[in-house]
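*Asks:* Quick one, structure for this:
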Amino acid sequence: MVNSQYNAQYHMDDLLEIMKTLRAPGGCPWDREQTHQSIRQNMLEEAYEAADAIDQGDMENLKEELGDVLLQVVFHAHMAQEEGQFTFDDVVDGVCRKLVYRHPHVFGTVEAEDAQGALSTWDAQKRQEKGQRTTADAMDSVARAMPALIRAEKIQGKARKAGFDWEEISPALDKLSEETVELRQAILEQSNVEEELGDLLFAAVKVGRFAGVESETALQKACEKFIRRFRWVEQAADVPLTQLDVPELERLWRQAKSEERGQE
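*Replies:* Numbering: from 1, shown residues only. As a prediction, the model looks like this:
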């Protein structure tokens, strides 16, 4: 039983009880009015914050962020229980069954000599479990809520496993150049710009895969680099950037790049 005094150590049952209290009559007005859809974004944000803690190597923050992710799981499970859909125990039961089913090389008689073999077994079991008869079915199952670069990478990976891919990077680079030309033409004609930009980004992801680079990570790092250089430009300008012409802005940007490279 959870009370107003802090426990010396809380456990999983305590978290479930706290959520039950928050959602009960007389509980928290905000928690009581939430729905699966209203806190959908919270789940995404908490997962990203946990990922950021991992990237920063901040274990203390990771501990906290994993708790926030767990809270979202408990929140959704409790709302589902209220609706008579499923319970938290059902969630735990489901993931345990999935782990056993998808690891026949651990819990069964299948053999996997290395990590790649284990992953192949996992994928095969997953496709059988989900009733995915074709690679297109497997592609279609990749969550649309994922960041588009990650989704593109996963879809391309499934195509590669099916044998639908080039053998080396040169054709991928040629395709990237081709899509750049097509995007330029689309902009000039003001036609299909969104489609051509999407094709260009998809081609860029392909190049990244051949180069062994995660596109999402690469773009995140590019964003950080842009912020660093933009900050330098702002500080060096001493006046609002709107007062400078393009040549002067480009000069400052080149300086920012030069300064950054000089510090490497």
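
*Asks:* Strands along the stretch 151-264 of the chain, start to end?
*Replies:* Here the stretch 151-264 of the chain has no strands by DSSP state E, counting those that start in this stretch.

*Asks:* Point out where it drops to low pLDDT.
*Replies:* 264 (pLDDT under 70).

*Asks:* repeat that for 80
*Replies:* 262-264 (pLDDT under 80).

*Asks:* Give me the neighbour count for Asn7.
*Replies:* For Asn7, the neighbour count with other Cβ atoms under 10 Å is 9. No exception for glycine: its C-beta is placed from N, CA and C like everyone else's.

*Asks:* residues in contact with Tyr101?
*Replies:* 125, 129 (Cβ atoms under 8 Å, 6 or more residues apart in numbering).

*Asks:* Now stretch 221-230: buried residues?
*Replies:* Arg229 (16 or more other Cβ atoms under 10 Å).

*Asks:* which outside residues touch that stretch?
*Replies:* 253, 256-257, 260.

*Asks:* Among those residues, which ones are in helices?
*Replies:* 253, 256-257, 260 (DSSP state H).

*Asks:* Can you lay out those as CSV showing distance to Leu183 and neighbour count?
*Replies:* Putting the ones in helices among the contacts of stretch 221-230 into CSV (distance: Cβ to Cβ, whole Å; neighbours: other Cβ atoms under 10 Å) gives the following:
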residue, distance to Leu183, neighbour count
Trp253, 23, 15
Ala256, 27, 21
Lys257, 25, 13
Glu260, 29, 13
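
*Asks:* ok, back up a step: from the contacts of stretch 221-230, which single one is nearest Glu113?
*Replies:* Glu260 (45.2 Å; Cβ to Cβ).
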